[in-house]
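Engineer: here is a sequence with its predicted model. Questions after.
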Amino acid sequence: MNRLIALALACGLYAGTLCVVAAADDAHLKLYTTKGEFANVKDDLMLAITGRGLVVDHNSYIGAMLDRTGKDLGTTKPVFGQAESLQFCSATVSRRMMEADPANIVFCPYIIVLYTLPNDPKTVYVGYRRPQPVGSAASKASLKEVEALLDGIVKEALNIK
């Protein structure tokens, strides 16, 4: 059990580091920032997702998990102010993606993260892993459609034109 907690903590720390670095090089992820309240940004994301007829099927409270497990691991250094992920899928987009190549199942479900850093609670980072276009022309096109969906949701939520 302690190994699982350590692994989860290490992955969380690694992901946090990647997000900061990714602002300069977004080949593997797309990351936006906005000024505001974390709860309001989350509400706007939820509205942008559900407004497309999609359902958030899981909300991970990553920041709370790291805070809770950090105590068990003997570290109290805060990684995030708040950090969550929203997991969802699109039957239409996902079907096209997996009809193009069944191995594209690895890109589903879709996840959008949002977080703040401990010293800057008013800057909210919002991002997602970019599905790398791989495989046949149809597969590449379908994965670009997935990214367009994710980017559209984030831009809508953050009111980016």
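Structural biologist: Sure, I can see it.
Engineer: in stretch 92-108, what's buried?
Structural biologist: 93, 94, 96, 97, 98, 100, 101, 104, 107, 108 (16 or more other Cβ atoms under 10 Å). C-beta coordinates here come from the backbone N, C-alpha and C atoms, glycine included.
Engineer: I should have written stretch 127-146 there, sorry.
Structural biologist: Buried, per 16+ other Cβ under 10 Å, within stretch 127-146: 127, 128, 129, 130, 131, 139, 140, 142, 143, 145, 146.
Engineer: which ones are touching the third one?
Structural biologist: Spelled out, it's residue 129. 28, 29, 111 (Cβ atoms under 8 Å, 6 or more residues apart in numbering).
Engineer: go through those residues and say which is closest to residue 48.
Structural biologist: residue 111 (14.4 Å; Cβ to Cβ).
Engineer: quick check: bridge partners of the closest one?
Structural biologist: Beta bridges link residue 111 to residue 87, judged by DSSP bridges.
Engineer: quick one: it and residue 89 touch, right?
Structural biologist: No - contact status for residue 111 versus residue 89: not in contact, 10.1 Å apart, counting by Cβ atoms under 8 Å.
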